[in-house]
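S.K.: Have a look at this prediction, sequence included:
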Amino acid sequence: MKGPGLGCPSVERRGGVPYNRRGLPRGTLLKNIACGELRKGHVGQRVQLAGWVHRRRDHGGLIFIDLRDSRGLVQVVFNPERSPEAHRVAQQLRAEWVAWVEGEVAERPQGTVNPNLATGEVEVYAGQAGVLNPSKTPPFEIGEEAEVDEALRMQYRFLDLRTARMQKNLILRHRVVKHIRDFLDARGFVEVETPILIKSTPEGARDYLVPSRVHPGHFYALPQSPQQLKQLLMVAGLERYFQIARCFRDEDLRADRQPEFTQLDLEMSFVEEEDILQLIEALYADIVEKVVPRLRFRQPFPRLPYQDAMARYGTDKPDLRFGLELADVTDLASTSEFQVFRAATQSGGAVKGVAAPGCAGYSRRQIEELTQFVQARGAKGLITVALPEGRQLQTLTVEEVRSPLARSVTDEQLRQLASRMGAAPGDLLLLVAGPVGVVNLALSQLRQEMGRRLDLADPNLLAFAFVVDFPLFEWNAEEGRWEPMHHMFTSARPHQWGLLEKDPGAVIGRHYDLVCNGYELAGGSIRIHEREKQERVMRLLGHTQEGMQQKFGQLLDALEYGAPPHGGIAGGIDRLVMVLSESAQSIRDVIAFPKTQNAVDLLFGAPSPVTQEQLKELHLQVVE
RNA sequence: GGCCCGGUGGUGUAGCGGCUAACACGCGGCCCUGUCAAGGCCGAGAUCGUGGGUUCGAAUCCCAUCCGGGUCGCCA
């Protein structure tokens, strides 16, 4: 990312167009070095700078201007005695005006060096200067400090993106993507573009639809991912494909979900799980080492079976930077007198908990906060047990703990509970009882919350892990049918095909996820490459022969023409860059022009109504 | 669709039944030759998201609604 000439003047040509405006001699380049690149080595050189006025400090006589460009900023000194004309220009300059300066790079006088600036050892004595374009007073300061309302930032995204924070994020994103391309190119992968206008397949997420002008009543869909296309490329014999692909899903937004997002889409032929996992581990490790060396991670990436992840963390994308593992105490709870426990266990639910280290002193108010936290996630309540400090747990009695359980359990049950939860004296046990799904959801997020409160997650650590051995199907109780856990193209383990119709819930899929710090960064699988097996899966999911041919004929037919065994993975670029960024709070911070939670683009005002003519041409009518 | 948080000069906040609506930054003017979030003095700028209601009186209480954010559902 170093410019063409760090250490010597770099020349930025403006397409060779002679620029002649407000005093600049015709044929002269507008700038011949970046503001942010000036160093001691440039002292004595005459330079031409152009950029934005970051700040102006007017001493009446001397005027200091911090001139900023994409590489950083440098202090320019305007001295009314040395160059009265330039000084007169500087008097007009205001924040965010665009200006050019011609002057000499000088070492700063003793005692005026600014160690906080990369260019802080030098300054530029302005000889000539001019205004390239004035600016209205911006709606918020580019110099940051205060956090600006995000809606305002979005409305003026072109100003928001001027901040060093956002430019860093965009540059980081560029570095990551460039690195991915180089890495995969070096390993024989071919980047292939796939269409944005494809066929709607109402599986998984809701499609964005595009009406056809030529075919009344017919619609294209924007791809939720290039899944089928990349499988067809495998049938086509590409063997190693990737794409930095834009994907679209018309579902509700989150901090880590936008309606359009970017995936590293990748597929290989003649591979098994291990080939993909090793490639991905090498790729992600390489990205972090080369692009963000400040961050640490452990290798090899641990493999975590899905069942273990759910049992120990209550989620399939745990933050592994800290422990605080969940303990299942359903069996202990079922023997207690405590009504909440009895009710939960007798109705087939679970009781699980986490021991919060050193939190026995939590106030009533703090416990109430945590209770509301789990209630907001569907739990009925939170049962706490405060274990006294400096007391052997093996001889603990119920009189010594602060807990709603105290009256309903025996000393022995209490000791077993503490021991099972790996608790230490001074810990606060946090327990949730109820249906397994609710318990896991509430506790996985409570665990994350406690990690945050206790500052357990090292911000400089990336805890990568592969989650493996996912069930192939999930039972949808509401709809009364099986659904694919990932998608219907995922293959079952070779020896489990016999189970498919007999016991679908027991079939383990050849699916894997890459998780990191509580985010799912990538997910993929070994695919089904035989028509017969693909049809069996589709049938199980409730598709008729005609239905599957109509929706998936293109893939099914292709599988009959020598489809090689293949598999791949898709990784979220937005999430990856967010995790790698020092400042990003959401993926909106690593997307140049993101949308709001209502899927609105506040800068352009999209979506918007269109004219009657446009609608008519598309054979559309708006009904309320 | 549900729940939670927020909306007060340009920006960020304070005010939570009675105020000429406060402070900082920014903005404008004047002074100022070594600052770097420059400094000093002066000044302009808000009918408190919108609409109803309660009250003698509403930024403040109630209801509705819009917008932004978080989250559950949804979505991998």
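M.R.: Cool, got the structure. Residues are numbered from 1 along each chain as shown, chains lettered A, B, ... in the order given.

S.K.: Give the buried residues for the helix or strand hosting residue A:475.
M.R.: Assigned by DSSP states H and E, residue A:475 belongs to strand A:473-476. Residues of strand A:473-476 classed as buried under the neighbour-count rule (16 or more other C-beta atoms under 10 Å) are residue A:473. Just so you know, the C-beta spots here come from the backbone N, C-alpha and C atoms, and that holds for glycine as well.

S.K.: Show me which helix runs longest in chain A.
M.R.: helix A:164-185 (DSSP state H).

S.K.: Can you spell out which helices and strands pack onto that one?
M.R.: strand A:190-191, strand A:240-248, helix A:273-291, helix A:573-580 (3 or more C-beta pairs under 8 Å, 6 or more residues apart in numbering; DSSP states H and E).

S.K.: Looking at these, which is nearest to RNA strand B?
M.R.: Nearest of the helices and strands packed on helix A:164-185 to RNA strand B, taken as C-beta to the nearest atom of the strand: strand A:240-248 at 8.5 Å.

S.K.: who does that closest one pair up with?
M.R.: In the sheet, strand A:240-248 lines up against strand A:190-191 (parallel), strand A:260-269 (antiparallel) (DSSP bridges).

S.K.: Highest mean neighbour count out of the helices and strands packed on helix A:164-185?
M.R.: helix A:573-580 (a mean of 24; mean count of other C-beta atoms under 10 Å).

S.K.: Contacts only, for the closest residue to residue A:162 other than its chain neighbours.
M.R.: Taking C-beta to C-beta, 6 or more residues apart in numbering, and ignoring the residues beside it in sequence, residue A:162 has residue A:142 as its nearest neighbour in space, at 5.0 Å. Neighbouring residues of residue A:142 by C-beta atoms under 8 Å, 6 or more residues apart in numbering: A:52, A:54, A:95-96, A:159, A:162-163.

S.K.: And for residue A:574?
M.R.: Residue A:574 makes contacts with A:256, A:258, A:261-262, A:587, A:590-591, as judged by C-beta under 8 Å, 6+ apart.

S.K.: sorry, back to before: tell me the one among the contacts of residue A:142 nearest to residue A:36.
M.R.: Closest to residue A:36 out of the contacts of residue A:142 is residue A:54 (10.7 Å), distances taken as C-beta to C-beta.

S.K.: Show the subsequent helix or strand relative to the helix or strand where that closest one lies.
M.R.: Using DSSP H and E, residue A:54 sits within strand A:46-58. Downstream of strand A:46-58, the next assigned helix or strand under DSSP H and E is strand A:63-69.

S.K.: Give me the contacts around that following strand.
M.R.: A:31, A:34-36, A:49-57, A:73-78, A:87, A:90-91, A:93, A:99, A:101, A:124, A:126.

S.K.: For the stretch 1-150 of chain A, give me the ranges with low pLDDT.
M.R.: A:1-29, A:144-145 (pLDDT under 70).

S.K.: Tell me how far stretch A:406-420 lies from the chain's centre.
M.R.: 42 Å (C-alpha atoms, centre = their mean, to the nearest Å).

S.K.: What average pLDDT does that stretch get?
M.R.: Stretch A:406-420 comes out with an average pLDDT of 94.

S.K.: got the contact list for residue A:277?
M.R.: A:301, A:303, A:466, A:512.

S.K.: Using PyMOL, define a selection of the buried residues within these.
M.R.: Filtering those down to the buried ones (16+ other C-beta under 10 Å) takes a single PyMOL command:
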select buried, chain A and resi 301+466+512
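
S.K.: So residue A:414 sits against residue A:401, correct?
M.R.: Yes - with contact defined as C-beta atoms under 8 Å, residue A:414 counts as touching residue A:401 (6.6 Å).

S.K.: Quickly list what's touching both of those two.
M.R.: residue A:385.

S.K.: out of those two, which sits in the busier spot?
M.R.: Legend: neighbour count by other C-beta atoms under 10 Å for residue A:414 and residue A:401, higher for residue A:414 (24 against 21).

S.K.: Please identify which helix or strand holds the more buried one.
M.R.: Here residue A:414 is assigned to helix A:411-420, by DSSP H and E.

S.K.: At the contact with RNA strand B, which residues of the stretch 151-300 of chain A appear?
M.R.: Within reach of RNA strand B by C-beta under 7 Å from any atom of the strand, the stretch 151-300 of chain A has these residues: A:151-152, A:154, A:204-206, A:224, A:249, A:251-257.

S.K.: 6 Å instead, please
M.R.: Listed as neighbours of RNA strand B in the stretch 151-300 of chain A under the rule C-beta under 6 Å from any atom of the strand: A:151-152, A:204-205, A:224, A:249, A:251-252, A:254-255, A:257.

S.K.: now swap in the stretch 301-450 of chain A and tell me
M.R.: Residues of the stretch 301-450 of chain A lying near RNA strand B (C-beta under 6 Å from any atom of the strand): A:376-378, A:441.

S.K.: rerun at 10 Å
M.R.: Residues of the stretch 301-450 of chain A found near RNA strand B (C-beta under 10 Å from any atom of the strand) are A:306, A:315-317, A:372-373, A:375-378, A:437-438, A:440-442, A:444-445, A:448.

S.K.: Low-confidence stretches in chain A?
M.R.: A:1-29, A:144-145.

S.K.: and if we set it to 80?
M.R.: A:1-30, A:143-146, A:202-203, A:624 (pLDDT under 80).

S.K.: Please, which helix or strand holds the residue lying farthest from the centre of chain A?
M.R.: Of all residues in chain A, residue A:81 sits farthest from the chain's C-alpha centroid, using C-alpha atoms, centre = their mean; the distance is 53.6 Å. Assigned by DSSP H and E, residue A:81 belongs to neither a helix nor a strand.

S.K.: how much space between it and RNA strand B?
M.R.: 4 Å (C-beta to the nearest atom of the strand, to the nearest Å).

S.K.: Check residue A:431 too.
M.R.: 20 Å.

S.K.: on that earlier part again, redo the helices and strands packed on helix A:164-185 as JSON lines? Include distance to residue A:353.
M.R.: Converted to JSON lines, the helices and strands packed on helix A:164-185 look like this (distance: least, C-beta to C-beta, whole Å):
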{"stretch": "strand A:190-191", "distance to residue A:353": "48"}
{"stretch": "strand A:240-248", "distance to residue A:353": "38"}
{"stretch": "helix A:273-291", "distance to residue A:353": "33"}
{"stretch": "helix A:573-580", "distance to residue A:353": "29"}
